[in-house]
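Student: Have a look at this prediction, sequence included:
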Amino acid sequence: MSRSARTRSTAGARSAVRTLATVALAPIVAGSLLAATATSSSAAAAQQAGTGGAKPTVVLVHGAFADASSWSGVIRRLRDDGYPVVAVANPLRGLSGDAAYLRSVLDTVPGPVILTGHSYGGSVISQAAAGDPDVKALVYIAAFIPDAGESAGELAGKFPGSTLGETLNPAAYPLPGGGTGTELTIRQDRFHRQFAADVPAATAAVMAAAQRPVATLALEEKATGAAWKDIRSYALITGKDNNIPAEAQRWMAERAGARTVTLEGASHAVSVSEPEAVTDLIRRAARETR
């Protein structure tokens, strides 16, 4: 074959490859454009919600030994009611860093926010929301409500009744700058009774396997902000809580002036066992802060 023929053949092959690539990529590009349009439309709708009196975005923050899936029943109910929802993956590495991460998420949410935290997530929302005019209410679900200078660990021990310590399994993990830290999980064989006694055993077993470890630093680091002093607050107290005693929850809620409801038979995993009650309190916060 002559050089000119080979050149024509190569050019033809390249043209065919370009044609195939264009055909193959067309659905992907179209899908990306549709996704971008949907995201833009969703953001615009949320912005309208913030300016036109429609429903605020509910931002949910899980605590230690849990993940964002612990809000699943709450999310379904809120979405059915028309609320935009964001369930944040809380890093559980340290209070200041976790709060900074949550603030970065809040910066992406247009319009008013109902900020909800479970357990240690209460400490995170209290610090992250300080000075944020878009956060219209704080909802604490079986949660810590610290003042500046207090840690979650300190508040957990303020009243008797927690049996968490005897169920914990500590482990070392590498720190980014070198050295090691300590993180904690609940022993899987103790998880059901300790964390989720009113959840079916099969569900609790899945939760135990999927639990997110919390760094000891997160529980020991003292808060530097207390947004509940400036933002209307709500609290759900769990009467059969083996992690944060109900008496401690009640004391923190009263100090914060929170509008409070109590579920006497609920465990610490109340967002899983009683999602309707949790959703109801969030609905109330949204209604009363418009």
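Tutor: Right, received. Where do you want to start?
Student: alpha carbons only for contacts and neighbour counts from here, please
Tutor: Fine.
Student: what's next to stretch 254-262, contact-wise?
Tutor: Applying C-alpha atoms under 8 Å, 6 or more residues apart in numbering, the contact partners of stretch 254-262 are 145, 228-229, 232-239, 253.
Student: Export those residues to TSV and append columns for neighbour count and distance to His62.
Tutor: Output for these, formatted as TSV (neighbours: other C-alpha atoms under 10 Å; distance: C-alpha to C-alpha, whole Å):
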residue	neighbour count	distance to His62
Ile145	36	14
Trp228	25	18
Lys229	14	22
Arg232	19	20
Ser233	24	17
Tyr234	24	16
Ala235	32	15
Leu236	26	14
Ile237	28	16
Thr238	26	16
Gly239	20	19
Ala253	25	18
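Student: ok, so of the residues you listed, who is nearest Ala204?
Tutor: Thr238 (17.3 Å; C-alpha to C-alpha).
Student: Touching, that closest one and Ala246? I think so.
Tutor: Yes. Thr238 is in contact with Ala246 according to C-alpha atoms under 8 Å; the separation is 5.9 Å.
Student: residues contacting Ser151?
Tutor: 219-223.
Student: switch the cut-off to 6 Å
Tutor: 220-222 (C-alpha atoms under 6 Å, 6 or more residues apart in numbering).
Student: Show the backbone phi and psi for the residue nearest to it when sequence neighbours are not counted.
Tutor: Leaving out its chain neighbours, the residue that sits closest to Ser151 by C-alpha to C-alpha, 6 or more residues apart in numbering is Lys222, at 4.4 Å. Backbone torsions of Lys222, given as degrees, to the nearest 10, read phi -80, psi 140.
Student: residues near Lys222, how many?
Tutor: By other C-alpha atoms under 10 Å, 21 other residues sit near Lys222.
Student: From Ala210, how far out is it?
Tutor: 27 Å (C-alpha to C-alpha, to the nearest Å).
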